[in-house]
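> quick one, structure for this:
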Amino acid sequence: MKRTPARITTRAMAWWWGLCLSWAALQGCAGTRPWEREDLARRGMQVEPDPQTAALDQHVYEYREGASGGYSAHSGSGCGCN
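Sure thing, here's the model as predicted:
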């Protein structure tokens, strides 16, 4: 009886890709030493580098739209009575 080469099953292929993706995701996990945290805490590294400017921009947007809320823990009704 002649033996044919084994085919890679879908399940085995999914397992292999899952393993590769898990390995790639774990490569992004890196420790930070205490003296490196100073660089990461700079204003330019923040999500919102200037909170006052962001608050002013949000206020102008709310004024133009006539509504507020929906973007933070405090939500208003849009009538200005929040």
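
> contacts and neighbour counts: CA atoms only from here.
Noted.

> low pLDDT regions in this structure?
Across the chain, the ranges flagged by pLDDT under 70 are 1-8, 67-82.

> mind checking the longest helix of it?
helix 10-26 (DSSP state H).

> pull out the buried residues from that one.
Neighbour counts over helix 10-26 (16 or more other C-alpha atoms under 10 Å) mark no residue as buried.

> try stretch 33-49
Buried-residue list, stretch 33-49, by 16+ other C-alpha under 10 Å: empty.

> between the two ends of that stretch, what distance do you get?
Taking C-alpha to C-alpha, to the nearest Å as the measure, stretch 33-49 stretches 23 Å from start to finish.

> SS state for the most centrally placed residue in the chain?
Geometric centre of the chain, nearest residue: residue 47, 10.6 Å, by C-alpha atoms, centre = their mean. For residue 47, the secondary-structure state derived from DSSP: H, G, I helix; E, B strand; the rest coil is coil.

> against residue 43, how distant is residue 49?
In terms of C-alpha to C-alpha, residue 49 sits 5 Å off from residue 43.

> can you pull the contacts of the residue nearest to the centre of the chain?
For residue 47, no contacting residues are found, by C-alpha atoms under 8 Å, 6 or more residues apart in numbering.

> how far away is it from residue 26?
From residue 47 to residue 26 the distance is 23 Å (C-alpha to C-alpha).

> same question for residue 35.
Relative to residue 26, and taking C-alpha to C-alpha, residue 35 is found at 23 Å.

> gap between residue 47 and residue 40?
11 Å.

> okay, helices next: where are they in this structure?
Counting by DSSP H, the helices of the chain are 10-26, 37-40, 51-65.

> go ahead and confirm residue 48 touches residue 54.
Yes: using C-alpha atoms under 8 Å, residue 48 makes contact with residue 54 at a distance of 7.2 Å.

> any shared contact partners between those two?
With C-alpha under 8 Å, 6+ apart, residue 48 and residue 54 have no common neighbours.

> wait, what's in contact with residue 13?
Contacts of residue 13 (C-alpha under 8 Å, 6+ apart): none.

> and residue 33, backbone torsions?
Main-chain dihedrals, residue 33, degrees, to the nearest 10: phi -80, psi 150.
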